[in-house]
Structures are given as C-alpha cells and as structure tokens.
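> Provided below for reference: sequence and predicted model.
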Amino acid sequence: MKSALIIPTLNAMPWLARLLPALRALDPQPGKILFIDSSSTDGTGKAITEAGFDLHTIRREEFGHGRTRNLGARLCADAEVLIYLTQDALPAGTDLVGKILAQFEDSSVAIVCGRQLPHEDANPAARYARLCNYPPVGHRTTAADIPVRGIKALFCSNSFAAYRAEALKKAGWFPEELPMGEDLAVTGRILDAGYTSIYLPEAAVYHSHNYSAAEEFRRYFDIGALLRVDPWLRARTLKSGGAGLRFVVGEVKYMLREGHLLDIPGIVPRTAAKYIGFQLGRRYDRLPKALLKRCSMHKYYWGEAA
C-alpha cells in the first residue's frame, strides 16, 4: 500500500538531531516523508531539506491541528495510508511502517494507533501516564464499543497514528475548528462509518511530557472545550467510566511500588488542576475571551473562534 509519513514542525531543532536519522533508518520506508513547518526561526526548515526530506512551509497563523494534517493529506494525495507523527515523537524501532501497513490488509481497519513510551528524561508522573494510557497489550475497537467504553473507545493520538485515507475522506477529514483533539473527534466519525480502530503496541515511539499542574490545567481546559465545540462529540453523552479515579489510584500505587514517595504529594495539585480545567473548558462559552486565552494551551485557537 502507498503510504506517507506527515510531521508538523515548529522550531523543532532540539528533536531533529535524533528524529532525522531515525526516519532515514525506517525499513521499509514510507512512500513519502513530508514535514509541514510553521515558519520556524531556528533553522528547522534548513535541517530538514539538507537531510533530503520534503518540506512544505506555512505561515504560523495558518497552523491548526486538524487543518495542517488535512493539508498534509492533500499534499500526499496518492497515499492510501497516512501516518502522522509529531516532532517530539522518536521511533522506537526501524520497522514501524511495516507493522502498521500489515494491519491495513484488513479492509475493515481504518485507524492504527501505536504505543508511546516515556522519553529518557520523563519524570515519574509522565512515566506512569504512558504506562497507564499505552499498555503493552493491544485491542480492537468498533462502534459497538462506544456505549460500553465511552470516551475511551475514541482512544487515538496523532503523536503517532495512521489512517486509511479513504476512511478519512468518508469521515470528512479531520475537523478543523477545534482547539485540539482532532484525532479523537475523527475517530468517532470513522467508527460510526463502520470501520475498526486498532491499538498496536508492537509499533512504538518515545513521546512524553513533564507537565506541571498549570500545564495540566490548560491541557484539560482544552479537552473540556473540545467536548463542547465538536458537534459529533456534543451530540453524544460519552461517559468516562470512572477512568479519572482509577488513574489517580493507579498513580499512587505506582509511586509506592517504584519508591517515588516524594512525588505522591504532587498528585493532588495535578489532579485538582485537571478537574478544574476540564470543568471550566466545558463552560468555555460563559467565560470572557481574554480569560479563554489565559486558560488554554492552544491560545491561537481562541483568537479566531471565541
């Protein structure tokens, strides 16, 4: 199957020294590797072209999580499978493409989401988040799982995920008018269209963030807003099934088991920040525009949409 690997970038030099050689080492190679750069000022574009990869540059104000990935799909119009990666996601092996494409031999499969392992500098909280959200056991999801698993059935991350181009097109491509979560939003639409999503832990990248409580607040504010902004998500009542509580309990047990006792108190402010941010995001339309930008991790969005 024809494939393309699409990577949005912005001032990505801290990652390129490891990412570019890792991409060259992929075996088999995707049919095309395309970087879409938001007018970086640190030499990112030059490093990409000197390494021999395709580069498409956009103005910074043109970037959008869904919009830019849709642009990548149009620029790779002959690809049957579109693989998306973020600039800080480093392949954990050389055989990612082959493992992903093998799943698409099943015509019902439209999404393959790979595993995310913590970076070497990940703190205990970040390591637990990857262990909890990206376990070593894979699974398949269909629309029948949505009433049972709720929001978890839409599990997907464009930090490392692949889509059947035909299914993306049928779903209307990635929604563009969202602060974030274009991957989750389109997964719901694709499952509704009768396709299957696969979580494939055998294909993995290194990707994690050491978020502070303030950063967790802003991230969960955008998640809450996403559930209100997106019409497909807004039309459904997607339960979390107590996932938040299980995460906290599991994190405490993990810290105890791994001997990170001094990190346990930090769970409280991070959890409170997530909850408050999420609840405010669900009520974003009641907040003044200036406050939306202060609360959000993706400030550019509110300049146009609020």
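Received it, and whenever you're ready, just let me know what you need. Residues are numbered from 1 along each chain as shown.
> only C-alpha atoms for contact and neighbour calcs from this point on.
Will do.
> The longest strand that the chain contains pairs with which strands?
Longest strand in the chain, counting residues (DSSP state E): strand 196-206. Counting by DSSP bridges, the strands paired with strand 196-206 are strand 90-91 (antiparallel), strand 109-117 (parallel), strand 139-141 (antiparallel).
> Including mean pLDDT, distance to Leu227 and mean neighbour count, could these go into a markdown table?
Below are the strands paired with strand 196-206 laid out as a markdown table (pLDDT from 0 to 100; distance: least, CA to CA, whole Å; neighbours: other CA atoms under 10 Å):
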| stretch | mean pLDDT | distance to Leu227 | mean neighbour count |
| --- | --- | --- | --- |
| strand 90-91 | 98 | 29 | 24 |
| strand 109-117 | 98 | 21 | 26 |
| strand 139-141 | 97 | 20 | 14 |
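> Those strands into TSV, with extra columns for distance to Lys289?
Shown next, in TSV, are the strands paired with strand 196-206 (distance: least, CA to CA, whole Å):
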stretch	distance to Lys289
strand 90-91	36
strand 109-117	34
strand 139-141	38
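> which stretch among the ones you listed comes nearest His56?
His56 lies closest to strand 90-91 among the strands paired with strand 196-206, at 20.7 Å (CA to CA).
> returning to that earlier point: how far out from the middle of the chain is the longest strand of the chain?
The chain centroid and the centroid of strand 196-206 are separated by 12 Å under CA atoms, centre = their mean, to the nearest Å.
> Summarise which helices and strands the helix or strand following that strand is packed against.
Using DSSP states H and E, the helix or strand that follows strand 196-206 towards the C-terminus is helix 213-229. In this structure, helix 213-229 makes packing contacts with helix 231-234, helix 267-282, helix 289-295, judged by 3 or more CA pairs under 8 Å, 6 or more residues apart in numbering; DSSP states H and E.
> So which residues of the stretch 51-200 of the chain form helices?
65-75, 96-103, 124-133, 146-149, 165-170, 182-192 (DSSP state H, counting those that start in this stretch).
> Would you single out the least confident of those?
For the helices of the stretch 51-200 of the chain, mean pLDDT drops lowest on helix 146-149, to a mean of 92.
> Any chance you could list what contacts that one?
With CA atoms under 8 Å, 6 or more residues apart in numbering as the test, helix 146-149 has contacts from Lys152, Ala153, Leu154, Leu238, Lys239, Ser240, Gly241.
> Could you do stretch 228-238 as well?
Under the criterion CA under 8 Å, 6+ apart, residues Ile146, Pro147, Gly150, Ile151, Glu177, Leu178, Ala185, Gly188, Arg189, Leu227, Arg282 lie in contact with stretch 228-238.
> if we go to 10 Å?
Identification of contacts with stretch 228-238 by CA atoms under 10 Å, 6 or more residues apart in numbering yields 146-154, 175-179, 181-182, 184-186, 188-189, 222-223, 226-227, 281-285, 305.
> same check, this time on stretch 92-105
Contacts of stretch 92-105 with the rest of the structure, by CA under 10 Å, 6+ apart, involve 1-5, 22-31, 80-81, 83, 109-117, 161-164, 198, 200, 202-207.
> could you flag which of these are buried?
Listed as buried from the contacts of stretch 92-105 are 3-5, 23, 26, 29-31, 80-81, 83, 109-117, 161-164, 198, 200, 202-207; burial here means 16 or more other CA atoms under 10 Å.
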